[in-house]
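Novice: I'll drop the sequence and a predicted model, then ask my questions.
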Amino acid sequence: SKHPITQPFLYLHGEDDGCIHPDMTLGQKRHFSGPFEEEIVSDAGHFLHLEASTRVTNRSLSWLRQHWPTP
């Protein structure tokens with residue numbers, strides 16, 4: 001990428017997403033120069049926050065704590 005994204009980035013995608021197949025996101029890491037992680041969430045579709053709310057919340061909080069620790 002000409003101007004890669006430098007901010008830490010966590011990308012979560014539902015394994016059973018019927019709108020956007022997980023394969024469509026392959027290769028997106030090339031757009032990032034900062035910390036980047038992606039995870040396919042099993043037993044979840046397009047609405048991760050509703051279908052796997054506890055797992056998505058825990059994963060997101062873990063990511064935030066790792067990259068933006070509190071003083």
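Specialist: Yep, that arrived. Residues are numbered from 1 along each chain as shown.

Novice: give the contact list for the residue nearest the centre of the chain.
Specialist: The chain has residue 11 as the residue nearest its centroid, 1.4 Å off, counting by CA atoms, centre = their mean. For residue 11, the residues meeting the contact criterion (CB atoms under 8 Å, 6 or more residues apart in numbering) are 25, 28, 36-39. Quick note: C-beta positions are derived from backbone N, CA and C, even for glycine.

Novice: Kindly list the longest helix within this protein.
Specialist: As far as residue count goes, and with DSSP state H defining each element, the longest helix of the chain is helix 53-67.

Novice: in it, what counts as buried?
Specialist: Residues of helix 53-67 classed as buried under the neighbour-count rule (16 or more other CB atoms under 10 Å) are 55-56, 59, 63.

Novice: Which single one of those is nearest to residue 46?
Specialist: The shortest gap between residue 46 and any of the buried residues of helix 53-67 belongs to residue 56, at 12.6 Å (CB to CB).

Novice: quick revisit: now render the buried residues of helix 53-67 as a markdown table, adding distance to residue 71 and pLDDT.
Specialist: Output for these, formatted as a markdown table (distance: CB to CB, whole Å; pLDDT from 0 to 100):
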| residue | distance to residue 71 | pLDDT |
| --- | --- | --- |
| 55 | 28 | 97 |
| 56 | 26 | 97 |
| 59 | 23 | 97 |
| 63 | 18 | 95 |
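
Novice: Measure how far the helix or strand that the residue nearest to the centre of the chain is a member of is from the centre of its chain, please.
Specialist: Secondary structure assigned from DSSP states H and E places residue 11 in strand 9-14. Distance of strand 9-14 from the chain centroid (CA atoms, centre = their mean, to the nearest Å) equals 1 Å.

Novice: ok, then the element right after it?
Specialist: Along the chain past strand 9-14, the next helix or strand (assigned with DSSP H and E) turns out to be strand 36-41.

Novice: What's the first helix or strand after that next one?
Specialist: The helix or strand immediately downstream of strand 36-41 is helix 48-51, counting by DSSP H and E.

Novice: Show me the contact partners of that following helix.
Specialist: Where contact means CB under 8 Å, 6+ apart, the residues beyond helix 48-51 that reach it are 12-14, 41, 43-45, 56.
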